[in-house]
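Chemist: Pasting the sequence and the predicted model now:
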Amino acid sequence: MRIVFLLLAFVFLAAGVVFGALNPEPVTVDFYWVQLPVSAGFALLLAALAGAVLAGLVLTVSVIWPLRARLRRLQRRSPAFAIDPAVVPSDAPDPEWTVSRTP
């Protein structure tokens with residue numbers, strides 16, 4: 001999975017470099033208190049990066065935090081959901097990478 005992520009990251013990085021090189025026209029980005037002259041490609045890539053960061057923050061607040069809170073609630077309610085480090089053998093796989101399914 002990490003290899004796929006790295007390959008996708010390099011593909012998008014290469015596409016961004018090509019995109020920036022093909023759009024060298026200067027534009028002025030106005031932030032009301034400051035004006036920045038940048039290339040059109042850089043401005044669009046910066047906007048895409050800002051959108052990705054904002055989407056990640058929204059996902060974290062709306063999905064990840066409630067799921068972690070629910071998991072903590074379940075772990076307090078039932079010891080079956082808690083992982084006792086004294087019971088887990090030292091050669092056990094990382095629980096984040098394994099999915100246990102009980103029949």
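Modeler: On my side now, so go ahead.

Chemist: State the distance from the residue nearest the centre of the chain to Arg2.
Modeler: Centroid check for the chain by Cα atoms, centre = their mean gives Gly56 as the closest residue, at 5.7 Å. From Gly56 over to Arg2 the distance is 18 Å, taken as Cβ to Cβ, to the nearest Å. Placement of C-beta: from N, CA and C, glycine included.

Chemist: Next up, identify which helix or strand Pro37 is on.
Modeler: Counting by DSSP states H and E, the element that carries Pro37 is strand 35-39.

Chemist: partner strands of that strand, parallel or antiparallel?
Modeler: Strand pairing for strand 35-39, determined by DSSP bridges: strand 26-30 (antiparallel).

Chemist: Show the average pLDDT along the partner strand.
Modeler: On average, the pLDDT along strand 26-30 is 91.

Chemist: got a list of contacts for it?
Modeler: 35-40, 43 (Cβ atoms under 8 Å, 6 or more residues apart in numbering).

Chemist: residue ranges with poor pLDDT in this protein?
Modeler: 79-103 (pLDDT under 70).

Chemist: Do a quick rundown of the helices in it.
Modeler: 2-22, 40-59, 65-77 (DSSP state H).

Chemist: ok, residues contacting the longest one?
Modeler: Residues outside helix 2-22 that contact it (Cβ under 8 Å, 6+ apart) are 39, 41-42, 44-45.

Chemist: ok, and the most crowded of the contacts of strand 26-30?
Modeler: Ala43 (19 neighbours; other Cβ atoms under 10 Å).

Chemist: could you list every residue that touches that one?
Modeler: 27, 29.

Chemist: how far away is it from Gln35?
Modeler: Applying Cβ to Cβ, the value for Ala43 to Gln35 is 12 Å.

Chemist: Thank you, goodbye.
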